[in-house]
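Peer 1: Give me coordinates for this.
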Amino acid sequence: MRTSLVLWSCLAPVVAQAAADPAAHGYRRLWQGTDFAGWHGQRHLSPYELARLDAAARARLRAEDDAAMRAHWRVDGGELVNDGAGAYLTSDAEFGDAEYRLEYRTVAGADSGIYLRGCPQVQIWDWTEAGGKWSLGADKGSGGLWNNERHQRFPPRVADRPFGEWNRLEIRQVGERVWVRLNDVETTAGVVMENYWDRSRPLPPRGPLQLQTHGGEIRFRALWVKDLTAAEANALLAAHDADGFEPIFDGRSLAGWQGAVDDYEVAGGAIRCKQGRGGVLFSARRYGDCDLRFEFRLPAGGNNGLAIRYPGEGDPAYTGNEVQVLDDSAPQHATLQPWQYHGSVYGVAAAHRGYLRPVGQWNFQQVALRGTRVTVVLNGTTIVDADVAALPTQLGERHTGKDRSEGFVGFCGHGSAVEFRAVQIRPR
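Peer 2: Numbers count the residues shown, from 1 in each chain. Here you go, the predicted structure:
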């Protein structure tokens, strides 16, 4: 079975069953079907620009957009109807990792989309030649991430139904990765959704759902949402791009590991640093280019690290590199340097923050090593992508291993009972 098919079957029952009774499978209504309660109008606007406005300016903008929304949207027999103009209908609620189900029906010439976390967009448009947008890719059909520049934009084939018929969209989002099925056809398979508003940053960790409209009437109905648990999100990420990984931790013992074996223990299928202890626990084998993935759980204030390109002696932060594993929310860590927070290459490359799960939940992390390039993906979001050889170190002459391209991988204990499980590696 293809990985993409596994992704759509690993969390939910048969689609027909969920569609018949979504509430029985963990979904809740995103729209109640009678009025605009829980929704407001918002123009095409960067969330960063919105956040910079003071309260008074934000209130004025909301009033203008609500008026534009009510002038162009209406409720008709359990359907949301837009005439092709006005502010976008925007959920009051914000979402992180989630699944959405909705149905839409549109007309020739219309152009629309679904903004996820306030970012454009899962595309909906007139896919026919008569619609006049084949030069923009409309011939590929709806259900793609049209605003992408570096990652896949278009679906593999057209899945749109003829005008006048209802289309069914199913969307899953974990971190910055998006899966879309349009009328039971997979149109987007775990593709990174780029941050249209600021391509130097990953997608925001949370944001509203928006129904974009322009160019012609569109109707929406049967809107549902399901918040994904950490376990469900991790399962999706583990199933995505899973080929070639091999375990380097058997879940029962520290067989195959060396170094500070007396400072770690195995509990509940996880490697755990003993409280108050530390040292480097590292692999039996050296690795060059590889992908390393694992789940980790932090206690309050937890502090550990991922040793990469470690020569087997000294402090990995200096003799190789250390990718921070840290509770960013802890008060005692409030004044650290940017390159000391979770996911950062210690002393070299600062990570984007805000993507850790709450303390006590399991996080999923994948680290790609290509020569001296380090890419860290936390819970589905890329928080570091840097060639460390091209960057200066903040650690001075002692950082002798910064530009190494091979070595052991392991964990750098700093006195906290941080846990690691499902540790896998894929040599390249």
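Peer 1: buried residues in stretch 239-254?
Peer 2: In terms of neighbour count (16 or more other Cβ atoms under 10 Å), stretch 239-254 has its buried residues at 239-240, 245, 248-249, 254. In short, each C-beta sits where N, CA and C put it, glycine included.
Peer 1: From start to finish, how long is that stretch in a straight line?
Peer 2: Chord length of stretch 239-254, first to last residue, is 25 Å (Cα to Cα, to the nearest Å).
Peer 1: now swap in stretch 35-44 and tell me
Peer 2: Using Cα to Cα, the two ends of stretch 35-44 sit 22 Å apart.
Peer 1: Let me have the buried residues of stretch 239-254 in CSV, adding pLDDT as columns.
Peer 2: What follows is these, written out as CSV (pLDDT from 0 to 100):
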residue, pLDDT
A239, 96
H240, 94
F245, 98
I248, 97
F249, 98
L254, 98
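Peer 1: From those residues, pick the one nearest M193.
Peer 2: Nearest to M193, judged by Cβ to Cβ, of those is H240 at 13.9 Å.
Peer 1: ok, the closest one touching V178?
Peer 2: No. In terms of Cβ atoms under 8 Å, H240 does not count as a neighbour of V178; the distance is 11.2 Å.
Peer 1: Touching both of the two, which residues are there?
Peer 2: Shared between the contact lists of H240 and V178 (criterion: Cβ atoms under 8 Å, 6 or more residues apart in numbering) are residues G190.
Peer 1: What strand or helix carries R62?
Peer 2: R62 is part of helix 55-72, with elements assigned from DSSP states H and E.
Peer 1: Tell me the spatial nearest neighbour of the most centrally placed residue in the chain, not counting adjacent residues.
Peer 2: Nearest to the geometric centre of the chain sits G175, at 0.9 Å (Cα atoms, centre = their mean). Nearest residue to G175, sequence neighbours excluded (Cβ to Cβ, 6 or more residues apart in numbering): G380, at 2.1 Å.
Peer 1: residues in contact with the one you found?
Peer 2: Contact criterion Cβ under 8 Å, 6+ apart gives 97, 174-177, 233, 237, 364 as the residues in contact with G380.
Peer 1: how about the helices of the stretch 251-400 of the chain, start to end?
Peer 2: Counting by DSSP state H, counting those that start in this stretch, the segments of the stretch 251-400 of the chain that form helices are 316-319.
Peer 1: just curious, which of the buried residues of stretch 239-254 is nearest to V345?
Peer 2: I248 (21.1 Å).
Peer 1: State the distance from the closest one to P155.
Peer 2: Distance of I248 to P155, given as Cβ to Cβ, to the nearest Å: 37 Å.
Peer 1: now E194
Peer 2: Using Cβ to Cβ, one obtains 17 Å as the distance from E194 to P155.
Peer 1: Of these two, give the one with the bigger neighbour count.
Peer 2: P155 (24 against 21; other Cβ atoms under 10 Å).
Peer 1: any idea which element the closest residue to that one other than its chain neighbours lies in?
Peer 2: Here the nearest residue to P155 in space, its sequence neighbours aside, is T187; by Cβ to Cβ, 6+ apart that works out to 3.6 Å. Using DSSP H and E, T187 sits within strand 185-192.
Peer 1: Any buried residues in that strand, and which?
Peer 2: 186-192.
Peer 1: what pairs with that strand, and is each one parallel or antiparallel?
Peer 2: Note on strand 185-192: by DSSP bridges, its sheet partners are strand 177-182 (antiparallel).
Peer 1: What would the helix holding R62 look like as CSV? C-alpha coordinates only.
Peer 2: Once non-C-alpha atoms are left out, helix 55-72 reads as follows in CSV (Å, rounded to 0.1, in the frame of the first residue of the first chain):
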residue,chain,number,x,y,z
ALA,A,55,-6.7,47.6,19.7
ALA,A,56,-8.6,50.6,18.3
ALA,A,57,-7.2,50.1,14.8
ARG,A,58,-8.0,46.4,15.0
ALA,A,59,-11.6,47.2,16.1
ARG,A,60,-12.1,49.6,13.2
LEU,A,61,-10.8,47.1,10.7
ARG,A,62,-13.0,44.4,12.1
ALA,A,63,-16.1,46.6,11.8
GLU,A,64,-15.3,47.4,8.2
ASP,A,65,-14.7,43.8,7.3
ASP,A,66,-17.8,42.6,9.1
ALA,A,67,-19.9,45.1,7.2
ALA,A,68,-18.3,43.8,3.9
MET,A,69,-18.9,40.2,4.9
ARG,A,70,-22.6,40.8,5.7
ALA,A,71,-23.1,42.7,2.4
HIS,A,72,-21.9,39.7,0.3
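Peer 1: On the strand side of things, show who F420 bridges to.
Peer 2: Beta-bridge pairing of F420, defined through DSSP bridges, involves I271, F296.
Peer 1: can you tell me which residues contact it?
Peer 2: F420 sits in contact with 249, 270-272, 294-296, 411, where contact means Cβ under 8 Å, 6+ apart.
Peer 1: Which parts of this structure belong to which domain?
Peer 2: Residue ranges for each domain of the chain read 3-236, 247-427, as given by automatic domain parsing.
Peer 1: which stretch in those has the least confidence?
Peer 2: Per-segment confidence across the domains of the chain bottoms out at domain 3-236, which has a mean of 93 in mean pLDDT.
Peer 1: ok, the residue nearest to G175 to G190 distance?
Peer 2: Taken as Cβ to Cβ, the spacing of G380 relative to G190 amounts to 9 Å.
Peer 1: any residues in contact with both of the two?
Peer 2: R177.
Peer 1: give me the number of residues near E265?
Peer 2: Around E265 sit 15 other residues, with neighbours defined as other Cβ under 10 Å.
Peer 1: What of P204?
Peer 2: As a burial measure, P204 scores 22 neighbours (other Cβ under 10 Å).
Peer 1: Same question for L182.
Peer 2: A count of nearby residues for L182, using other Cβ under 10 Å, gives 26.
Peer 1: Same question for G268.
Peer 2: 9.
Peer 1: Please tell me how far it sits from Q424.
Peer 2: Between G268 and Q424 the distance is 18 Å, computed by Cβ to Cβ.
Peer 1: ditto for L53
Peer 2: Computed with Cβ to Cβ, the distance linking L53 and Q424 is 45 Å.
Peer 1: Could you do E406 as well?
Peer 2: Taken as Cβ to Cβ, the span from E406 to Q424 is 19 Å.
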